[in-house]
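Student: My questions are about this predicted structure, shown below with the sequence.
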Amino acid sequence: APFGHTGPAMAQALHTRPGPYQAAETPTPLEDVTHYNNFYEFGMGKGDPSAYASAFQPRPWTLSVEGLVERPRVWDIDRLMAEMPLEERLYRMRCVEAWSMVIPWDGFALASLLKQAQPLGSARYVAFESVVRPAQMPGQRTVLDALPWPYVEGLRLDEAMHPLAFLAVGLYGRTLPNQNGAPVRLVVPWKYGFKGIKSITRIRLMEQMPPTTWNRMDPSEYGFFANVNPDVDHPRWSQATERVIGAGGFFGGGRRKTQMFNGYGEQVAGLYGQMNLRTHF
Amino acid sequence: MPYLSGTPRNRTVMPWRFETWALTLIGLGPAALYFWYGAHDRLGADPVNVFERWLGLWAVRFLLVTLCITPLREVSGYSLLRYRRTFGLLAFWYACMHVAVYVALDQQFDMAVLWRDVTHRPFLMIGACAFTLLVPLAVTSNTWSIRRLGRRWQVLHRLVHVVAILAAVHFLMAFKTYTPTSVGYATALCLLVLWRYRHKPGRHPQDAPAKH
């Protein structure tokens, strides 16, 4: 339904099939996935995105793939969703703030989009840019901006081409709610959640390492790589354990050990070879 | 009582009088409310974190009220001095609950993590210092200590200004960025401390003008 999206948050059912990488875990309840969000464009509280994202219009939407590619292209989001076979992946998500969820995303591998664009040999990094719409995003029209807009993120090209790196257009089998980054967001399950840039408008392949928002805000606390690592603490808290969201635990049971690469080490450790993950955190 | 002796000038008598025990009960309301919410799974997806931050916020709020009492008296003549100890103790009780939730519910008595937190992380070292400095103030907040310590009591209780600055820094560090809330409370705390040291009302209170 290319022109069917009139309302702001009319989640539509998606044609999706089970994909690889299904974590053997219980998904976090939908209510928590959609009401406990970090999306500073809508405000800094965890409840702000769900409270203030209803005015956001995720259609019409274009996503451009550009830079060091053979075939740059500006995609219409509905066209993109129609052309890419959608699959479901149940991924663990570990936030840098030491909490975690398990989310059934719907979407497609980032690599399949990048391959269509045919990266040039000189491309080494992928830069992502999020939307700037102060009229629809109250967090972007405050006196003191929480962050510089647009929110930007980046991956090394080999990370971006890894089959785990995912562009989500839905969750729980329906189109993404606005507060979760409609209409399309990045999911990199072995990295901290802030790498998962939301409401993406532009993907640019580059030779140089692109700036990333949180790294620019405080390079001592947030690295470019941001791989989940229980042995490298955040300066203000330990990353050894995490609070499990939606565990309903006020009295215990709500914490568990954090796994290296968020449990995806078998798949992704090879990307980092002999790199010192303490300096390149 | 010596700690009331600095209030001779035309102090406005408040038209009402609250029992301090009633004030304490009301003051503990926010903690009770959120505890009830938490026990009934009504604090959202991350209940321990919400409860922990709520208690810290109220500790800061009561600290602010405590620090406001002298400036309020100097500016408006209204004296709430008889309630200052109650507000100060409420700040202390909230700080205790904030620390207890961090130790018991959040870190679940993981001594290795707790030790590392208070020895390696400035954010938690500062918070721990603020809390530790509150303890002697709470312990000596009774009339017997005030009589016994005399002038030294006044000096000791100036520590509350150190606590306020530490609490302000800890509050600012508790967020990933500067937020209106954290900047607002931290600024208010710092301004109240600055007020006390810009002005020396303790020396010649009778000469200080009532209004500026």
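Tutor: Cool, the structure landed. Just so it is clear, the structure is predicted and the values come from calculations on it, not from any experiment.
Student: gap between the nearest residue to B:Gly88 once chain neighbours are set aside and A:Thr212?
Tutor: Leaving aside its sequence neighbours, B:Gly88 sits nearest to B:Thr66 (C-beta to C-beta, 6 or more residues apart in numbering or on different chains; 4.5 Å). In this view, the C-beta of every residue, glycine as well, is placed from N, C-alpha and C. Using C-beta to C-beta, to the nearest Å, B:Thr66 is found at 43 Å from A:Thr212.
Student: Return the set of buried residues in stretch A:162-181.
Tutor: Applying a neighbour-count criterion of 16 or more other C-beta atoms under 10 Å in any protein chain shown, the buried positions in stretch A:162-181 are A:162, A:164-172, A:175-181.
Student: pull the CA atoms of that stretch into CSV?
Tutor: Below are the C-alpha coordinates for stretch A:162-181, written out as CSV (Å, rounded to 0.1, in the frame of the first residue of the first chain):
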residue,chain,number,x,y,z
HIS,A,162,28.5,-8.7,7.9
PRO,A,163,25.3,-10.7,7.6
LEU,A,164,24.3,-9.8,11.1
ALA,A,165,24.1,-6.1,10.4
PHE,A,166,20.5,-5.4,9.7
LEU,A,167,18.2,-2.7,8.5
ALA,A,168,14.9,-3.0,10.4
VAL,A,169,11.6,-1.7,8.9
GLY,A,170,9.4,-3.5,11.5
LEU,A,171,9.2,-5.3,14.8
TYR,A,172,6.9,-8.0,16.0
GLY,A,173,5.7,-8.5,12.4
ARG,A,174,4.4,-4.9,11.9
THR,A,175,5.9,-1.7,10.5
LEU,A,176,8.2,0.1,12.9
PRO,A,177,6.5,2.4,15.5
ASN,A,178,7.7,6.0,15.2
GLN,A,179,9.4,5.8,18.6
ASN,A,180,11.5,2.8,17.4
GLY,A,181,12.9,4.6,14.4
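Student: What's the mean pLDDT across it?
Tutor: Average pLDDT, stretch A:162-181: 97.
Student: Give me the below-cutoff pLDDT ranges for chain B.
Tutor: B:1-15, B:199-212 (pLDDT under 70).
Student: Enumerate the residues of it near chain A.
Tutor: Taking C-beta under 8 Å from any C-beta of the partner chain as the test, the list of chain B residues beside chain A reads B:38-39, B:41, B:43-49, B:51, B:105-106, B:108, B:110, B:113, B:116-117, B:120-124, B:173, B:175-180, B:183.
Student: Restricted to helices, list those.
Tutor: Assigned to helices by DSSP state H, the following of the residues of chain B next to chain A qualify: B:38-39, B:47-49, B:51, B:113, B:116-117, B:120, B:122-124, B:173, B:180, B:183.
Student: Only the buried subset of those residues, as a PyMOL command please.
Tutor: The following PyMOL line selects those of these that are buried, judged by 16+ other C-beta under 10 Å:
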select buried, chain B and resi 38+47+48+49+51+113+116+117+123+124+173+183
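Student: Looking at the ones in helices among the residues of chain B next to chain A, which is nearest A:Pro27?
Tutor: The shortest separation between A:Pro27 and any of those is 19.2 Å, and it belongs to B:Pro47 (by C-beta to C-beta).
Student: Name all residues that make contact with the closest one.
Tutor: By C-beta atoms under 8 Å, 6 or more residues apart in numbering or on different chains, the contact list for B:Pro47 reads A:248-250, B:37-38, B:41.
Student: and if we set it to 7 Å?
Tutor: In this structure, B:Pro47 makes contact with A:250, B:38, judged by C-beta atoms under 7 Å, 6 or more residues apart in numbering or on different chains.
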